[in-house]
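*Asks:* return atomic coordinates for the entry below.
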Amino acid sequence: MASARLKLPHVLGIPIFVDLSWFFVAALIGWSLAAGVFPALLPGMPRPVYLWMAVAGTLGLFVCVLLHELAHSVVARAFGMRINGITLFVFGGVAEIADEPGKPSHEFLVAIAGPAASGVIALACWAVSQPLPVLGGWPAAATTLAYLGQLNAYLALFNLVPAFPLDGGRALRAALWRLRGDYAWATHVSAACGDLFGLFLIALGFWNTATGDVMGGLWGVVIGMFLRNAAASGYRDMQVRTVLGGMRVADVMTPDPIFVSPQAVVGDFLTRYVYRYHHRSFPVVWDGRVMGVVGIPQVATLTPDEWAATPVRDIMVPCGELDFIAADAGVVDALRRLGEAGRHRLWVLDHGRLVGVLAARDLMVLASLATDLPALARHGGTAPSARDASSPPHFTGPNPLDIHT
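*Replies:* Here you go, the predicted structure:
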């Protein structure tokens, strides 16, 4: 996820993040619980009790969605898939699984793990809530737990809808993949189901809005639009992986990039490189090894009087591991690296020596060409290998706000 987010402690070795959009939704959920839901379920309680119930319900929802995504992640990791993290955001949660499953059975088990976890949580909340009023006279706790149980039951059922990228859509893809042995076709069909379900939610949202449920209707429209976009994005990602999966970085890189010596002074760098080649930045290389990058932003930190005496090595920005990729790496790996690291280009190395540069804009052109070849993508056959695959994230949605508006 590319937006601003807060990093929490790891759980079971998995990074946990909270997108800033979640706090807005959490506040809205808390207000809805305190002002409408809990007073209707348990009338006659003091207002502070409703506030504490709302806080407990909101935090409980946070934990329940996190457990749902952890279930996906733990099962995926058991099958050897890499987990980049879990993020809670405006529409619920997302498990960022870096690899596609190698078998239909793996896909199916990873997909149903989340709804299964939500179902278990629903049963546990219901079981604990039943004896509380009798044993301890704690109606507020019992009501809150019962409500969380109901919420998790809805969450499990919604995610089982066979519409990609929901868990049910992934289970559908696994079944179709097993049936015909064609991963691309299975993705195409399940994504089409996701698109249709998104249209249904949008139409239902407009109907609800027209009949007086403005908040619930608008939320349904937003969720429908989100699901349609996610389904289309998942299918495009599959097309890119299918068409570009066999390509290596060495096949698409720009070879022998222009580089600068660390001993060159800034004045010579401007006249011999920037003004001649019209690039904004250049690698700084010594004995075939990339030391860093220098460009206009670094030169701008100096006054013109300093250009003639300042060597490039004094103003260059050192390169880190995320700036490099091997020449024999897959193009899909490069796309993922650029997205995760937020880079606009990667330096290509062969046995530690600079042999080329891979620009994000060039890969975007390749990706666009891939999506213009739908027939080739749909007949791609089996799933990409784990090395070249990057799975669209597992969503937990919709955000349970729509259940009690």
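*Asks:* from Asp213, how far off is the closest residue in space to Val222 that isn't next to it in sequence?
*Replies:* Spatially, and ignoring its direct neighbours in sequence, Val222 is nearest to Gly205 (7.7 Å; Cβ to Cβ, 6 or more residues apart in numbering). From N, CA and C alone the C-beta is placed, and that goes for glycine too. To Asp213, Gly205 is 9 Å away according to Cβ to Cβ, to the nearest Å.
*Asks:* which of those two has more neighbours?
*Replies:* Between Gly205 and Asp213, counted using other Cβ atoms under 10 Å, the more crowded position is Gly205 (22 against 15).
*Asks:* can you name the next helix or strand after whichever helix or strand the more buried one is part of?
*Replies:* Using DSSP states H and E, Gly205 sits within helix 183-210. For helix 183-210, the following helix or strand on the C-terminal side (DSSP H and E) is helix 214-244.
*Asks:* which SS state does Ser368 fall under?
*Replies:* helix (DSSP: H, G, I helix; E, B strand; the rest coil).
*Asks:* what's the neighbour count on it?
*Replies:* Number of residues near Ser368 (other Cβ under 10 Å) recorded here: 11.
*Asks:* do you know how far it is from Met238?
*Replies:* 15 Å.
*Asks:* show me where pLDDT drops low in the protein?
*Replies:* Within the chain, the ranges that satisfy pLDDT under 70 run 1-3, 133-137, 341, 370-405.
*Asks:* hmm, 80 instead?
*Replies:* Along the chain, the model assigns pLDDT under 80 to residues 1-5, 90-92, 98-100, 132-138, 215-216, 236-246, 332, 336, 339-343, 363-405.
*Asks:* tell me the domain boundaries of it?
*Replies:* Recorded structural domains for the chain (assignment: automatic domain parsing) are 5-245+387-404, 249-362.
*Asks:* so which of these is the most surrounded?
*Replies:* For those, the largest average neighbour count (mean count of other Cβ atoms under 10 Å) is found in domain 5-245+387-404, namely a mean of 20.
*Asks:* any idea how far that domain is from the middle of the chain?
*Replies:* Put simply, domain 5-245+387-404 sits 13 Å off its chain's centre (Cα atoms, centre = their mean, to the nearest Å).
*Asks:* my guess is Ala142 contacts Ala127. True?
*Replies:* No - with contact defined as Cβ atoms under 8 Å, Ala142 does not count as touching Ala127 (11.4 Å).
*Asks:* list the contacts of the helix or strand hosting Ala146.
*Replies:* Using DSSP H and E, Ala146 falls within helix 139-159. Residues from elsewhere that reach helix 139-159, judged by Cβ atoms under 8 Å, 6 or more residues apart in numbering: 37-38, 41-42, 45, 49, 52-53, 56-57, 60-61, 64-65, 68, 114-116, 118-119, 121-126, 128-130, 132-133, 166-168, 396-398, 400, 403.
*Asks:* now Phe164: how far from Gly356?
*Replies:* 36 Å.
*Asks:* same check, this time on Ala250
*Replies:* 7 Å.
*Asks:* next one: the residue nearest to Asp99 when sequence neighbours are not counted from Asp268, what distance?
*Replies:* Computed as Cβ to Cβ, 6+ apart, the closest residue to Asp99 that is not its neighbour in sequence is Met81, at 4.3 Å. Using Cβ to Cβ, Met81 is found at 50 Å from Asp268.
*Asks:* chain neighbours aside, what residue packs nearest to Trp286?
*Replies:* Trp286 sits nearest to Pro262 (Cβ to Cβ, 6+ apart), 5.4 Å away.
*Asks:* next up, the contacts around Thr209.
*Replies:* By Cβ under 8 Å, 6+ apart, the neighbours of Thr209 are 217-218, 221.
*Asks:* can you pull the contacts of Thr311?
*Replies:* Rather than Thr, residue 311 is Pro. 262-266.
*Asks:* with distance to Asp182 and secondary structure as extra columns, can I get those residues in TSV?
*Replies:* Converted to TSV, the contacts of Pro311 look like this (distance: Cβ to Cβ, whole Å; DSSP: H, G, I helix; E, B strand; the rest coil):
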residue	distance to Asp182	secondary structure
Pro262	53	coil
Gln263	57	coil
Ala264	55	coil
Val265	60	strand
Val266	57	helix
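*Asks:* columns distance to Val25 on top of these, output as JSON lines?
*Replies:* As requested, the contacts of Pro311 are arranged in JSON lines below (distance: Cβ to Cβ, whole Å):
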{"residue": "Pro262", "distance to Val25": "50"}
{"residue": "Gln263", "distance to Val25": "55"}
{"residue": "Ala264", "distance to Val25": "53"}
{"residue": "Val265", "distance to Val25": "54"}
{"residue": "Val266", "distance to Val25": "50"}
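*Asks:* returning to that earlier point: need the overlap of contacts for Ala250 and Gly356.
*Replies:* 327, 348.
*Asks:* what sits closest to Leu227 if chain neighbours are left out?
*Replies:* Leaving aside its sequence neighbours, Leu227 is closest to Gly198 (4.0 Å, by Cβ to Cβ, 6+ apart).
*Asks:* on that earlier part again, out of the contacts of Thr209, flag the one nearest to Ser105.
*Replies:* Val221 (36.2 Å; Cβ to Cβ).
*Asks:* ok, that closest one - contacts?
*Replies:* 201-202, 205-206, 209.
*Asks:* and if you look at Gly85?
*Replies:* 14-17, 96.
*Asks:* just list whatever residues bridge to it.
*Replies:* Beta-bridge partners recorded for Gly85 (DSSP bridges): Glu96.
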